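A.B. asks: Below are the sequence and a predicted model; questions follow.
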Amino acid sequence: MNDGVNGVALGVFVFFFLAVTVLGFLASRWRKAENEHSLDEWGLGGRSFGTWITWFLLGGDLYTAYTFVAVPAAIYAAGASGFFAVPYTILVYPLIFTFLPRLWSVSHRHGYVTTSDFVRGRFGSKGLSLAVAVTGILATMPYIALQLVGIQAVLDVMGVGGGEDTNWFVKDLPLLIAFGVLAAYTYSSGLRAPAMIAFVKDALIYIVIAVAIIYIPIKLGGFDEIFAKAGDKYTAAGAGGLVPAPAGQWTYATLALGSALALFMYPHSITATLSSKSREVIRRNTTILPLYSLMLGLLALLGFMAIAAGVKVTNGQLAIPQLFEDMFPDWFAGVAFAAIGIGALVPAAIMSIAAANLFTRNIYKDFIKPDATPEQETKISKLVSLLVKVGALVFVLTMDKTVAINFQLLGGIWILQTFPALVGGLFTRWFHRWALLAGWAVGMVYGTLAAYGVASPTQKHFGGSAKEIPGIGEIGYIGLTAFVLNVVVTVVLTFVLKALKAPDGIDETNPGDYTADAGDPGVEVELPPATAGSTH
């Protein structure tokens, strides 16, 4: 790693950062609505995005700076087990094809902005809605923090901010500036800002990966040489080599499946989905989004290249930025660093908006100020989006980076527990609301306690997301085990509560709501009295 600042790379990085900053502020005038004071406009871009905008927005949302840094870093450190991200993104698209169009339709029909809005309307339960909202906010916070970790990794490799002995303010000033810019244009432009910037972000990432996958192997003697050196390293380290070791295959499979089930439970995934203008846009996107999985597979190969290139870092998250620094000319290294940096800004903006929408609609409006006007909702959501980013920034600046990573893993365990209420509710009303709440609570408690008991070489608690599966004896993903317990409790209690004739909530949706498209007769936003006027 260079001791000084890489001026050329930094100059290119700053150029692209300034360009997307301008785009972020200009986005407030893009498709400007007559009434900007509603969450439909600020938080969902007016529900007006077509196929390509939604594709870039979802891609920018799901394939983050952390993905760019962490997936090849996992390969670099642990071998082929780090490839679990590739099969899980392949599994997820057939899954979401079955339920996302239904969620879009019912949300468009009733003006739902969040998943908690739908859960409340479907099951008539503010308590269950609150549980889903709180889970979404908790799971999103460390995810935002990791985007800032991605930016910080790039800044460290470029030599920006000084060494470890530098005054904390000077060292963290570049990150503070990046945070301030992100906060400002998100507040000003809402979801339109990341939607516009996503074009630049994805173009840069595709260019960088296309160049890297050709240029770096040529410099390193070809893929045969790369795989040979990587295999030698893994064999020497006992890391399982180029194929996951038999002992780790249950972990690999359950982590891939559990991650696939969880990905579109995250609030930011749903926010990007609901911003589209029609049901068909969602269906088309589920068929073309797998192109990102191809990109992800090529990206993962960079971990092998870092080994073959002899990259040595104490923090695995720096492996890929350091590979770019070592292998590319300075100017193209700057392009690669800009791709990672901008790859952090897009998802961080969407995540903060999604978390703010959850707080505003399902905590503030449901429990604090039920008569809030659309203008008040938008104002609160803007302020909360700032607070969420401040919390993520404090998390990054005051805690060890491995803690942020482990809390993000815990967030995945948590968010998976909302699957029965959300996806189950999209297809059936059979589950009882109290049973769903009890199942959620069991899954949350088990998942948290199980993760707390996992140690790593550097941490006594929350050291990973895999543990022995009760009754099977294999090591598997804690989130999936908690999910199974969640479903079992939900099903059993539903039978019990129905036998006892426990009062069920009122379902404000109709069967036709789940298949309606934007152009269908009667598909206008039909809001309940408590939320009337909050959307167009």
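C.D. replies: The structure has been received and is ready for your questions. Numbering: from 1, shown residues only.

A.B. asks: Tell me how many other residues surround residue 504.
C.D. replies: Residues lying near residue 504 (other C-beta atoms under 10 Å) number 16. No exception for glycine: its C-beta is placed from N, CA and C like everyone else's.

A.B. asks: so it sits right up against residue 430, yeah?
C.D. replies: No: with contact defined as C-beta atoms under 8 Å, residue 504 does not reach residue 430; the gap is 10.2 Å.

A.B. asks: Spatially central, which residue of the protein would that be?
C.D. replies: residue 62 (5.3 Å; C-alpha atoms, centre = their mean).

A.B. asks: separation between that residue and residue 493?
C.D. replies: 33 Å (C-beta to C-beta, to the nearest Å).

A.B. asks: One more: residue 201?
C.D. replies: For residue 201, the distance to residue 493 - C-beta to C-beta - is 44 Å.

A.B. asks: higher neighbour count, these two?
C.D. replies: More crowded of residue 201 and residue 493, by other C-beta under 10 Å: residue 201, with 28 against 20.

A.B. asks: what sits against the more buried one?
C.D. replies: Taking C-beta atoms under 8 Å, 6 or more residues apart in numbering as the criterion, residue 201 is in contact with 20, 60, 339, 342-343, 345-346.

A.B. asks: 6 Å instead?
C.D. replies: 60, 342-343, 346 (C-beta atoms under 6 Å, 6 or more residues apart in numbering).

A.B. asks: mind checking which helix or strand residue 476 is in?
C.D. replies: strand 475-477 (DSSP states H and E).

A.B. asks: which residues sit against that strand?
C.D. replies: Taking C-beta under 6 Å, 6+ apart as the rule, strand 475-477 contacts 250-251, 254-255, 258, 466, 468-469.

A.B. asks: and what of stretch 341-358?
C.D. replies: So stretch 341-358 is contacted by 20, 39, 43, 60-61, 64-65, 68, 113-114, 133, 136-137, 140, 143-144, 147, 150-151, 154, 182, 186, 191, 193-194, 197-198, 201, 267-268, 271, 381, 384-385, 388-389 (C-beta under 6 Å, 6+ apart).

A.B. asks: Name the residues of stretch 38-56 that are buried.
C.D. replies: 38-49, 51, 53-56 (16 or more other C-beta atoms under 10 Å).

A.B. asks: Sorry, wrong one. I was asking about stretch 129-140.
C.D. replies: For stretch 129-140, the neighbour count (16+ other C-beta under 10 Å) marks 129-140 as buried.

A.B. asks: and what of stretch 356-372?
C.D. replies: 356-366, 372.

A.B. asks: Helices along the stretch 251-400 of the chain, start to end?
C.D. replies: Secondary structure of the stretch 251-400 of the chain by DSSP state H, counting those that start in this stretch: the helices cover 267-274, 279-288, 290-308, 319-327, 330-359, 374-398.

A.B. asks: Could I get the buried residue list for the third one?
C.D. replies: Spelled out, it's helix 290-308. For helix 290-308, by 16+ other C-beta under 10 Å, it's 292-293, 295-308.

A.B. asks: And for the longest one?
C.D. replies: Applying a neighbour-count criterion of 16+ other C-beta under 10 Å, the buried positions in helix 330-359 are 332-359.

A.B. asks: where do the strands sit along the protein?
C.D. replies: 466-468, 475-477 (DSSP state E).

A.B. asks: and the last one, which strands flank it?
C.D. replies: Strands that pair with strand 475-477, judged by DSSP bridges, come out as strand 466-468 (antiparallel).

A.B. asks: can you list contacts of the partner strand?
C.D. replies: 251, 450, 454, 475, 477-478.

A.B. asks: tell me the two of those that are most distant?
C.D. replies: 251 and 450 (13.6 Å; C-beta to C-beta).

A.B. asks: Could you verify my assumption that residue 148 touches residue 397?
C.D. replies: No: taking C-beta atoms under 6 Å as the definition, residue 148 is not a contact partner of residue 397, at 8.6 Å.

A.B. asks: Which one of these two is surrounded by more residues?
C.D. replies: Counting neighbours by other C-beta under 10 Å for residue 148 and for residue 397 shows that residue 148 has the greater number, 26 against 16.

A.B. asks: gap between residue 222 and residue 228?
C.D. replies: 10 Å.

A.B. asks: again, but for residue 268
C.D. replies: Where residue 228 is concerned, residue 268 sits at a distance of 40 Å (C-beta to C-beta).

A.B. asks: In contact with residue 157, which residues are there?
C.D. replies: 321-322, 325.

A.B. asks: most neighbours, which of the residues you listed?
C.D. replies: When neighbours are counted by other C-beta under 10 Å, residue 321 leads the contacts of residue 157 with 28 neighbours.

A.B. asks: Thought residue 153 was touching that residue, still the case?
C.D. replies: Yes: Residue 321 is in contact with residue 153 according to C-beta under 6 Å; the separation is 5.4 Å.

A.B. asks: any shared contact partners between the two?
C.D. replies: In contact with both residue 321 and residue 153: no residue, using C-beta under 6 Å, 6+ apart.
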